[in-house]
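**Q** What would the 3D arrangement of this be:
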Amino acid sequence: MAEKVKKLGLKRDYAKYLYFLDKDGNVCLKPKSGEGKTETVVEKAVDRDNQYLYFIDKEGDVSRSPRVSRGSKKKEAA
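**A** The predicted model follows:
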C-alpha cells in the first residue's frame, strides 16, 4: 500500500510530458517525443530513502511504497 509523502496537486499534461522524480528528489518533466531538455518542476520535493519506490500519484502528489527485494528469500533446508 502506498503512502502519500507530500501534497503537490500538480496539474499534468500526460499527452506531451513524462513526469518523474530524479535521484535528488526533484519532480521533473521531459517531453515524450525525446526531444528537449528535462525541466525541474519542484525542487527538493522529498528526501529519498532507498527502501522505498517514489512516484507521482493520480492526484499529482508524491507517494511511496516499500521496495520488494526479489533475491532475499531464505533458502529452505532440505
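**Q** From Val62, how far off is the nearest residue to Asp24 once chain neighbours are set aside?
**A** Here the nearest residue to Asp24 in space, its sequence neighbours aside, is Lys44; by Cβ to Cβ, 6 or more residues apart in numbering that works out to 7.2 Å. From N, CA and C alone the C-beta is placed, and that goes for glycine too. Distance of Lys44 to Val62, given as Cβ to Cβ, to the nearest Å: 11 Å.
**Q** Who has more neighbours out of these two?
**A** Val62 (20 against 10; other Cβ atoms under 10 Å).
**Q** Over to that one: give its phi and psi.
**A** Dihedral angles of Val62 (phi, psi; degrees, to the nearest 10) stand at phi -90, psi 130.
**Q** my read: it touches Val46, true?
**A** Yes. In this structure, Val62 is within contact of Val46 by Cβ atoms under 8 Å, at 5.4 Å.
**Q** Between the two, which contacts overlap?
**A** Val5, Lys6, Leu21, Tyr54 (Cβ atoms under 8 Å, 6 or more residues apart in numbering).
**Q** JSON lines please, covering the residues you listed and showing distance to Leu29.
**A** Below are the shared contacts of Val62 and Val46 laid out as JSON lines (distance: Cβ to Cβ, whole Å):
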{"residue": "Val5", "distance to Leu29": "19"}
{"residue": "Lys6", "distance to Leu29": "17"}
{"residue": "Leu21", "distance to Leu29": "11"}
{"residue": "Tyr54", "distance to Leu29": "15"}
